[in-house]
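K.L.:
Structure for this input, please:
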Amino acid sequence: MYVFAVLCICLLGAGVIENFIHQRRLERIPVRVQVNGTRGKSTTTRLIAAGLRAGGLRVIAKTTGTAARLIMEDGSELPIARRGGRANISEQMRIIRLAARRGVDAVVLECMALEPENQWVIERRMVRSTIGVITNARRDHLDVMGPTAADVAEVLALSAPYRGHLVTAEREWLPVFERAAAKAATHLHAVDGSDVPDRVNAEFEYVSFKENVACALRACELAGVPRESALAGMARAAGDPGSMTVRKITLGGADYVFGNAFAANDRDSTLDAWRLFADRARAGSESPLPTAVIMNNRSDRLPRIGEMAELVAREIRPSMVFLVGESGRLAARTLRRAGMPAERIVDLTKIRDAQLAIDRIAGECRGGAHLLGIGNTRGAGQSIADYFLENGAPL
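P.N.:
Reported below is the predicted structural model:
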């Protein structure tokens with residue numbers, strides 16, 4: 001019993017010392033930005049880091065999206081090494097240690113927490129951000145953050161910095177963030193995508209949502225970087241692997257324009273991506289093409305299949321739907337129930353090779369098509385996205 005008590009005291013003492021050292025490291029980094037939200041976190045993290053670099057700050061950033069990356073002061077990137085391949089919120093402390101050791105001016109971290117308790121711990125103990133960003137609040141991860149979108153907003157609000165600045169482009173749940181900001185004695189900055197000119201968005205190599213750019217711009221301005229300098233840096237920034245891109249390939253004399261929206265996992269984000277893609281595709285095509293959807297499904301995300309099926313059948317209403325990934329029969333059945341004619345649904349879940357899948361799609365759409373990839377990135381979605389990225393031309 002005595003030995004056990006001594007061990008407990010030693011562990012407690014070690015924890016106190018580690019926390020003290022970590023807090024000292026935080027104090028050595030003047031600008032600390034944490035980016036949270038349902039969608040657009042990785043892209044916004046990259047935009048902020050690029051904007052701060054353009055303003056002369058030495059910055060280290062970390063994303064946790066489709067492919068976790070550590071972005072160094074010169075903009076070079078390194079993959080995040082994880083034990084057992086699993087993410088852990090303690091990664092944030094390791095990045096803070098690295099940033100403090102390298103003497104950077106700023107660190108920009110994408111929030112990697114879902115659970116309410118982890119949201120609070122990361123912000124108040126691990127990062128203590130001077131500038132917090134919440135891109136939006138959508139109906140996703142409802143099993144952990146839900147069951148409603150209002151609950152999601154309340155959980156995200158736990159990341160509001162104490163006596164700092166909170167930037168958000170969210171409108172529907174803005175009152176939730178206003179209350180959180182007031183409680184934390186922090187300044188709230190509500191931004192709007194309409195503040196970002198079309199010419200600015202056109203400079204990006206990927207399809208960027210104006211709301212993300214608006215959040216990133218305000219964060220850079222709060223850190224002392226002039227707007228034009230920040231925008232110039234953002235335009236040079238590499239897109240996240242999960243960013244929406246538009247590529248065109250020609251097969252058999254016909255054009256196929258592909259919009260990669262696989263990473264937009266919830267209904268609202270997918271619908272926004274569809275509208276952006278439709279505008280970009282129409283502007284880049286000499287003649288109108290029919291729209292087809294490539295719907296990538298996962299057997300461990302069954303509720304999302306129903307959500308996407310209803311969106312496809314009732315909102316996008318494409319000429320064809322191609323099913324890839326997993327749970328093809330369930331997806332086809334759900335699409336039919338949502339109103340999609342059976343003859344316009346093609347199950348390609350048995351095809352594992354991206355080239356073969358694209359050939360089959362081209363065979364069904366012989367005159368060309370606008371192809372929108374939705375649902376999930378993993379597996380078939382990533383393979384198809386990589387195919388167009390390697391073989392297609394930017395649009």
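
K.L.:
any chance you could read off phi and psi for Thr44?
P.N.:
Note on Thr44: its backbone torsions stand at phi -60, psi -40 [degrees, to the nearest 10].

K.L.:
Can you tell me, leaving aside adjacent residues, what's nearest to it?
P.N.:
Asn212 (4.6 Å; CB to CB, 6 or more residues apart in numbering). In short, each C-beta sits where N, CA and C put it, glycine included.

K.L.:
roughly how far is the helix or strand where that neighbour lies from the heart of the chain?
P.N.:
Using DSSP states H and E, Asn212 sits within helix 210-222. Centroid separation for helix 210-222 versus its chain: 15 Å, with CA atoms, centre = their mean, to the nearest Å.

K.L.:
ok, Ala235 to Arg46 distance?
P.N.:
Counting by CB to CB, to the nearest Å, the gap from Ala235 to Arg46 is 12 Å.

K.L.:
between the two, who's got more neighbours?
P.N.:
Taking neighbours as other CB atoms under 10 Å, Ala235 and Arg46 compare with Arg46 leading, 28 against 18.

K.L.:
May I have the secondary structure class of the more buried one?
P.N.:
helix (DSSP: H, G, I helix; E, B strand; the rest coil).

K.L.:
Name the helix or strand of this structure that has the lowest mean pLDDT.
P.N.:
Sorted by mean pLDDT, DSSP states H and E, the helices and strands of the chain end with helix 2-27, the least confident at a mean of 72.

K.L.:
Give me the contact list for the very next helix or strand once past that one.
P.N.:
The helix or strand immediately downstream of helix 2-27 is strand 31-36, counting by DSSP H and E. Strand 31-36 is touched from outside by 26, 41, 44-45, 48, 52, 57, 105-111, 119, 122-123, 127-135, 156, 159, 161, 219, 223, with contacts defined as CB atoms under 8 Å, 6 or more residues apart in numbering.

K.L.:
What subset of those residues is buried?
P.N.:
For these, burial is judged from neighbour counts taken by 16 or more other CB atoms under 10 Å, and it is met by 26, 41, 44-45, 48, 52, 57, 105-111, 119, 122-123, 127-135, 156, 159, 161, 219, 223.

K.L.:
Could you list which of those belong to helices?
P.N.:
Per DSSP state H, helices hold the following members of the buried ones among the contacts of strand 31-36: Leu26, Lys41, Thr44, Thr45, Ile48, Leu52, Gln119, Leu156, Ala219.
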